[in-house]
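> Sequence and predicted model, in that order:
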Amino acid sequence: MKSPNFTYCRAKSIPEVFELMDYYGEDARILAGGQSLMPTLNMRLSSPTALIDINHISELKNIQEQSLGLSIGALVRHYQIETSEVVAKHIPLLHEAMPHVAHSAIRSRGTFGGSLAFADPAAEIPAITLALEGVIHVCSKTGERQIAAQDFFHGLYSTALEHGEIIRSVLFPKNTYSHFVFKELTRRQGDYATVGIAIAAEFQGTQLIKIRIIYFGVSDRPIVDNHLALELMNGRFDQENILKIAKFAGQEMDISSDIYHDAEIKRHLLKVMVKRALLDLLGKACNGAI
Amino acid sequence: MAQFENQIEVETLINGEVVHRQVSSRMHLGDFLRIEMGLSGLHLGCEHGVCGACTVLVDGLLVRSCLMLAAQIHGCKVQTIEGVVESGAAKQMVDAFQKKNAAQCGFCSPAMILTTLEIAKKSIRPTREQIREAISGNYCRCTGYQAIVDAVEDVFDQKENKQ
Amino acid sequence: MNNSSNAPHELIGKPVIRQELRRLLEGKGCYVDDIQLPRLCHVAFVRSPHAHAKILDIRFDQAMKVNGVIKIVKGEDIAAICKPYMGILSHLEGMKSVPHFPLAMDRAMWHGHPVVAVVAQTRAQAEDAAELVEIDYEPLTPVVDEELALDSQTPILHPELGTNLCWERTIDEGEVDLAFKNAAVVIEEKLRTGRHTHVTLEPRAIIANYVSSDQQLEVWQSTQVPHMMHWILSHHFGIPESHVRIKSPDVGGSFGLKIHVYGDEMATVGVSILLGRPVKYVADRLESFLSDYHARDHHIHAKMAVSKEGKILAIEMDDIQSMGPYASYPRGGVNEARQVINLVGAAYGVSAYRARTRAVFQNKSMYGQYRSVGRPIACLITESLIERAAAQLGLDPLEFRKNNYIPAKAYPYKLVSGPSIEILSQHESVDQLRVLMNYEELLKEKNLYREKGVLRGIGFASFLETSSPSSTMYGKGGASISAADTATISLLPTGSIFCTASINEFGQGAQTIAAQITASVLQVPLEGVRVVLGDTDASPYGGGNYGSRGTSIGGEAILQTAKALKQNILEFAAKLFSLDPSTLGLQDGYVIRLDQHQQLISFEDLARQAYFNHEKIPKGFTPELTVSRSFAQRDFDGVFTNGIQASYVELDPETGYVKLLKHWVLEDVGVVVNPLLLDEQIRGGVIQGIGAALYEQCLYSEQGQLMNGSLVDYLVPMACEMPDIVVGHTFSATKTSELGAKGGGEGGVAGSSAAVFNAINDALKPLNVYVNELPITPAKIIQAIQQKA
């Protein structure tokens, strides 16, 4: 399982990345953490003409508190997010999810931007970004643009990124969410999620003001369940309603199967995990603490 | 378009030695260390980052050497089992592994030792569950994992006895 | 064990730490892939993407142009220098197969079948070229459903055989129909066990170096059986045995994987012969899934008749075992079927027994031995029926077993299936297990949780293992597989001991075991014994490791050799000092006078005399300080061992997830040479059985494609989900050897999947749900619950 041949180059700046992408064309790939790219190379599932190593571009490595929210640079590594006090404070949902991302040795190298760009439908970071409505800052030689998380994930390993674009950073906008739940069902610790749930909610006392529910591992991308959120907003947020409404989790959605779970089983597991996540949320909200 | 490999210059510190080499663009770090540097303590069990047998330390962090290119260690500090095991925490862990018979064929062991060193650094003694979680990315087919957990606990026992 | 001159230094039975472990822990192990040789080249294989296809044409002119390519070799090139092989065992009546060669030629027979060997300077270059080899296939209908393999509509894989049946055996003993008629309870079930593969962390690896100048073949191979491979390579490549050397360096796990003959490894040897230079092949992980031997793939229909007092009256069983397209070589590939039919109900000596087993050819990976061959399946069948019977009759599951076991006084006991059991300690192991797990308290705890709506379950599985096989297993059937071992031990000039034997080391601690036995007999410190294993140039010929025989048979050969050397030492000393040898003994590296406990002469001084000072030795006497002895177990077909396991689980009925709370194993392996080494081996085996119960399965599509052939998709047990495992031992003595050890390498696997299976079904009882397919995945539990509702 040895990689096919490619030309390796190291970019020292963002403009250099664009030059190299231009030069090597569509078959060039960006090398950031490499934790998803390298297995595909070793297994000969992809054969890029060139690998452009962006790991030395320091301006992509910052976690910055900004007026609009918290900005995470594309090259911030998972372990840095895991141990960042700033992230723990401002994006507790992300902080809670990080220990579930693979294993320590993968988190040493894997990057935030890489996880988004790879867009594995069962990965945690795309789901959290969608849950908290992150804005992905993308740049190319022609300029910059911002893509809402809602518009970023197009399908299986497919994003809004066009050839010649790289992710610069992600802004997690300031929000009024007060309570969060993260749940993941995996066969073994560190595996990709069979079913994953990320919930951000705003409570005033025990009154539910706003709720955003994301599923991952059940479709070709992380998905928002607006329907369920609406139902929950319609009544009282209590155990009785939760048990009633959770049965409708993923109702209108296309749930995909995987090698071990057909779509019906996945749907069933989704409902179970949503129910549990919402009951957890209820417990957190009733205990008062923000 | 034909793919061409190229030679990349790397300057790196490997087990405390300055190493200056030309490496093939496509060679991964695991193969570079094993074949070019003769550091065969790390082993290749899958080459897709799952089994953990190829784990080394890069700039002090656990890394799967099959998921890094040799070209990427330019400017980095690399440590393999050979470089850490003569003394200190790694030697203590080897002592504990031997005492608790925490290995059989030994193929997973160098990586397992490096991995357990991370949790062994904790100032608060971990539970058995936490130790299992720490090694959850390292595949062992021979042991029941139990002796490995016992070995890590033994290291903490030794620390407590010294106090 | 009998030992007349006793021993402050008695090391047998002690938890001695493995000295050789340190080297491995420190990264100084030497596995095949660590070996570099001058002019070493590498081979990669082009493998069939089809489960069944005619091979019409092969072209590699483009591939030859790739940088670094040395040679590309087809099946015919290897067939020209390698005799074909066929894994028939002649004593298995009616067993059929056809000869085959290392590489596919006119037909590819499984997804992954190697067709072309590409040799290059580096493995990466060989893979580059392999991608450019063009092969024209004509796909044929694959045979991939075991249950339909013998159906008239199913294509016959080997027309000359006229059937897809490789081997069949039936047993019909006792009044089975009458028993079922009179039974108070009849338990019936269909069981399915999923196909597995060994997933050794070190994949298969071989370096072959043929030097044409003197026609010498030197091979480094990750293997359990270097001597067997010595015969195989010599015979099939027509190279005199005296020109072949096999060396097994450190082996990264095997569990039965590395005892078979693989086409890709044979082709690698062939390539070296064609090129006259060293060639290395290491199966990468994806190849390993496709081409390692598989095991454990059965469809079973079984019934048990039980009286209202809880006596097992009869068992009926029908088993289909999957295979690959050929009988595996040289061990046949039907050993699982053999063991399953032999051992269902065996612990209980069930004498009304009607059974049939059929092993059928399939267009799937080749099939063969995996740790505890067939026993986990025989155990699952028997113990799942028993657990249900006990529950239905409202009887204590442990007492039920005790009341049915072969009576303690009935040994040796001949099973109606054929084998004889020397002696077991089944009743004691149950009693001890009950205490070890504090069953009464655990039962109360389980029931308390149940009252709160938490589904916990306790499951048991009593198991039999076979070990120390005699030549009736393979040799009798014409296979060149040895059931004997030989050891050679020498006393060296400084008084140290050199020991070599025909068993091999692959992590189980054979080196330490050999040293312990030798040091115990010769009364020297452990560090004074050097053990060399796994080199056909150094070690005498013998069976190697399979069937749990290393300690029991190899150990006995070492024991007898050490005793013989001891005798020679005493006789030599006696001659020098004009004493009677029976008045002398050994202690602390000295010959001593037994009556006065007086040191007579050190080993070093004695050895120096023998090697350097013949002029001081009485004429007519020659000291022999190098001795060899052999041993084969010939009293039984195999020496049975027994044990019982228990599993305690908690099941989440909504998600189907099972949490393994704890596990217990009681096992009797006779004399335990090193309890420290034995117990973690048992635990490793338990984990493998848990893998079978919950996680592992090779999934094939209807077209015979292996769908989950990577470590991402094939799930192996990792640390977080595994329980702590408590191990205890009972003891029953074997008279088949002086050492008294029975084989202990496989017992952990034999009973663990059945114990977990039973625990899960116990947990599901309040829901009136039963699962009957391994691996028991969450999806299967959910489906079973939903179907019931």
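Looks like it arrived, so ask away. Note that the coordinates shown come from a computational prediction; the quantities given were computed from them, not determined experimentally.
> thought A:Val170 was touching A:Glu133?
No: the criterion here is C-beta atoms under 8 Å, and A:Val170 misses it with A:Glu133 at 10.7 Å. Any C-beta I mention is one placed from the backbone N, CA and C, and that applies to glycine too.
> neighbour-wise, which of the two wins?
Neighbour tally, A:Val170 and A:Glu133, criterion other C-beta atoms under 10 Å in any protein chain shown: the higher count belongs to A:Val170, 27 against 17.
> and C:Gly453, how many neighbours?
Based on other C-beta under 10 Å, the number of other residues close to C:Gly453 is 8.
> quick one: it is in a helix?
No: looking at C:Gly453 with DSSP: H, G, I helix; E, B strand; the rest coil, it is coil, so not inside a helix.
> domain ranges for chain B?
Per the record, chain B has its domains at B:7-83, B:85-162, by automatic domain parsing.
> nope, chain A is what I was after
Split by automatic domain parsing, chain A gives A:7-53, A:58-173, A:179-286.
> So for A:Leu270, what's the nearest residue that isn't a sequence neighbour?
A:Gly250 (4.9 Å; C-beta to C-beta, 6 or more residues apart in numbering or on different chains).
> got it, and C:Lys788?
C:Val769 (5.0 Å).
> Please list all residues in contact with that neighbour.
C:781, C:784-785, C:788 (C-beta atoms under 8 Å, 6 or more residues apart in numbering or on different chains).
> next one: C:Gly475
C:481-483.
> Looking at these, which one is closest to C:Glu451?
C:Ala483 (54.8 Å; C-beta to C-beta).
> you'd agree the closest one is up against C:Gln633?
Yes: with contact defined as C-beta under 8 Å, C:Ala483 and C:Gln633 form a contacting pair (7.2 Å).
> okay, and the common contacts of those two?
With C-beta under 8 Å, 6+ apart, C:Ala483 and C:Gln633 have common neighbours C:469-470, C:549, C:553.
> nearest to C:Gly542, of those?
C:Ile553 (8.4 Å).
> ok, how many other residues are close to that closest one?
35.
> does it sit in a helix, a strand or a coil?
helix.
> give the contact list for residue 238.
Went with chain A since none was named. A:Leu282.
> look at chain C instead
By C-beta under 8 Å, 6+ apart, the neighbours of C:Gly238 are C:81, C:83.
> Next, count neighbours for C:Glu147.
12.
> repeat for C:Glu746
C:Glu746: 26 neighbours (other C-beta under 10 Å).
> mind giving me CSV with the contacts of C:Gly475 and columns for secondary structure, pLDDT and distance to C:Ser420?
What follows is these, written out as CSV (DSSP: H, G, I helix; E, B strand; the rest coil; pLDDT from 0 to 100; distance: C-beta to C-beta, whole Å):
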residue, secondary structure, pLDDT, distance to C:Ser420
C:Ile481, coil, 94, 21
C:Ser482, coil, 95, 22
C:Ala483, coil, 95, 16
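> of those, closest to chain A?
Set against chain A, the nearest of the contacts of C:Gly475 by C-beta to the nearest C-beta is C:Ile481 (33.0 Å).
> For chain C, which residues are neighbours of chain A?
Within chain C, the positions adjacent to chain A are C:122-124, C:127-128, C:131, C:284-286, C:654-655, C:657, C:695, C:699, C:707-708, C:710, C:713, C:715, C:718, C:720-721, C:777-779, C:782-783, C:786 by C-beta under 8 Å from any C-beta of the partner chain.
> Where does chain B get nearest to chain A, which residue?
B:Gly137 (2.9 Å).
> was I right about that residue contacting C:Met718?
Yes: counting by C-beta under 8 Å, B:Gly137 touches C:Met718, with 7.5 Å between them.
> Need the residues touching each of the two.
A:Gly190.
> Neighbouring strands - and their directions - for the helix or strand hosting C:Leu313?
If you go by DSSP states H and E, C:Leu313 is part of strand C:312-322. Strands that pair with strand C:312-322, judged by DSSP bridges, come out as strand C:298-306 (antiparallel), strand C:353-360 (parallel).
> any chance of those in a markdown table, plus mean pLDDT, mean neighbour count and distance to C:Thr561?
Formatted as a markdown table, the strands paired with strand C:312-322 follow (pLDDT from 0 to 100; neighbours: other C-beta atoms under 10 Å in any protein chain shown; distance: least, C-beta to C-beta, whole Å):
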| stretch | mean pLDDT | mean neighbour count | distance to C:Thr561 |
| --- | --- | --- | --- |
| strand C:298-306 | 98 | 23 | 41 |
| strand C:353-360 | 98 | 24 | 39 |
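> Figure out which of those is closest to C:Lys402.
Nearest of the strands paired with strand C:312-322 (C-beta to C-beta): strand C:298-306, 14.8 Å.
> does chain C sit close to the longest helix along chain B?
Scanning chain B for the longest helix, with DSSP state H as the assignment, gives helix B:146-162. Yes: for helix B:146-162, a contact with chain C is found by C-beta under 8 Å from any C-beta, at B:146-149.
> Neighbour count for these - can I get that in JSON lines?
JSON lines is the format used below for those (neighbours: other C-beta atoms under 10 Å in any protein chain shown):
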{"residue": "B:Gln146", "neighbour count": "26"}
{"residue": "B:Ala147", "neighbour count": "24"}
{"residue": "B:Ile148", "neighbour count": "29"}
{"residue": "B:Val149", "neighbour count": "26"}
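> out of those, which touch chain A?
Of the residues of helix B:146-162 next to chain C, not one also sits near chain A (C-beta under 8 Å from any C-beta).
> quick one on the thing from earlier: got the strands paired with strand C:312-322 as a markdown table, with distance to C:His91 columns?
Rendered in a markdown table, the data for these read as follows (distance: least, C-beta to C-beta, whole Å):
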| stretch | distance to C:His91 |
| --- | --- |
| strand C:298-306 | 23 |
| strand C:353-360 | 15 |
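> could I have the helix or strand that A:Gly113 is a member of exported to PDB, CA atoms only?
Assigned by DSSP H and E, A:Gly113 belongs to helix A:112-118. Provided in PDB are the C-alpha atoms of helix A:112-118 (Å, rounded to 0.1, in the frame of the first residue of the first chain):
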ATOM      1  CA  PHE A 112     -10.000  22.200  11.500                       C
ATOM      2  CA  GLY A 113     -10.000  23.300   7.900                       C
ATOM      3  CA  GLY A 114      -9.000  19.900   6.700                       C
ATOM      4  CA  SER A 115     -11.900  18.300   8.400                       C
ATOM      5  CA  LEU A 116     -14.300  20.800   6.900                       C
ATOM      6  CA  ALA A 117     -12.800  20.400   3.400                       C
ATOM      7  CA  PHE A 118     -12.800  16.600   3.500                       C
END
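> Bridged to the residue nearest to C:Gly345 when sequence neighbours are not counted, which residues?
Closest residue in space to C:Gly345, ignoring its immediate chain neighbours: C:Ile315 at 4.5 Å, by C-beta to C-beta, 6+ apart. Following DSSP bridges, C:Ile315 is listed with bridge partners C:Met304, C:Tyr353.
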